[in-house]
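# Let me see the structure of the following:
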Amino acid sequence: MIEFRIDRRSGVATYLQIGQQVKDALRLGLLNVGDRLPTAKEVVAATAVNPNTVLRAYQELGREGLVESRPGAGTFVCRSLAAPAMAENMPLRSGLDAWMAEARSAGLSREDVEALVKLALDKGFGNRRGSDTQ
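Next up is the predicted model:
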C-alpha cells in the first residue's frame with residue numbers, strides 16, 4: 001500500500017503531489033495493475049488533507065487512464081508505468097541505492113542530493129524547467 005507524503009511548503013498543489021506519488025509508485029513497480037489505492041478516508045486520516053483533494057487526484061489519474069473507480073469497491077490501478085530497468089534487482093537501481101548510501105555517509109542532506117540529481121537530470125535529459133538548449 002502506498003503512503004502519501006505531503007509537502008505543504010513545496011508550492012505544488014496537494015492533488016498534484018498525490019498524483020505524482022502514485023505515478024512514481026507505478027514506475028517503480030510498487031503498485032501493479034489490480035492494486036487498490038487507499039480510500040479518500042484513509043488518505044485523509046494519514047495526511048490531514050481535504051477529501052475532495054484526494055478525489056481530484058484520483059480523477060486526474062483516471063483521466064490519464066492509470067486508475068479506475070469502481071463504485072462501492074474503490075479505486076484500482078488499471079495500467080502500469082514500470083519499465084524493466086526500474087525493477088528492484090536491476091543494476092541501475094542497485095547502483096543508485098549504493099550511490100545513495102555513499103552520499104549519506106559523505107554527510108549530504110536530502111536537499112544536497114536533490115540538487116545533484118536535478119543537475120544530473122538537466123545535463124542528461126535537458127533542462128525541462130526552461131530552455132532545453134542550455
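
# Spatially nearest residue to Cys78 (excluding sequence neighbours)?
Once flanking residues are discounted, Cys78 sits nearest to Glu68: 4.8 Å by C-beta to C-beta, 6 or more residues apart in numbering. C-beta coordinates here come from the backbone N, C-alpha and C atoms, glycine included.

# Distance check, that neighbour against Gly11.
Separation of Glu68 from Gly11 (C-beta to C-beta, to the nearest Å): 30 Å.

# Compare the two and say which one has the larger neighbour count.
Set side by side, Glu68 and Gly11 show unequal neighbour counts under other C-beta atoms under 10 Å, the larger going to Glu68 at 14 against 6.

# helix/strand/coil for Gln17?
Under DSSP: H, G, I helix; E, B strand; the rest coil, the three-state class of Gln17 is helix.

# State the distance spanning the first to the last residue of stretch 32-41.
The distance separating the two terminal residues of stretch 32-41, taken as C-alpha to C-alpha, to the nearest Å, comes to 21 Å.

# Buried residues in stretch 58-76, which are they?
Within stretch 58-76, the residues that qualify as buried are Tyr58, Gln59, Glu60, Leu61, Leu66, Val67, Gly74, Thr75, counting by 16 or more other C-beta atoms under 10 Å.

# Those residues: which two are farthest apart?
Glu60 and Gly74 (16.7 Å; C-beta to C-beta).

# that older thread, please tabulate the buried residues of stretch 58-76 in TSV, including the columns pLDDT, secondary structure and distance to Ser94.
Output for these, formatted as TSV (pLDDT from 0 to 100; DSSP: H, G, I helix; E, B strand; the rest coil; distance: C-beta to C-beta, whole Å):
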residue	pLDDT	secondary structure	distance to Ser94
Tyr58	98	helix	33
Gln59	97	helix	36
Glu60	98	helix	33
Leu61	98	helix	29
Leu66	98	coil	27
Val67	98	strand	29
Gly74	95	strand	34
Thr75	97	strand	32
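
# ok, how many other residues are close to the closest residue to Leu26 other than its chain neighbours?
When the adjacent residues along the chain are set aside, Leu26 lies closest to Leu81, with 4.1 Å between them (C-beta to C-beta, 6+ apart). A total of 17 residues lie near Leu81 under the criterion other C-beta under 10 Å.
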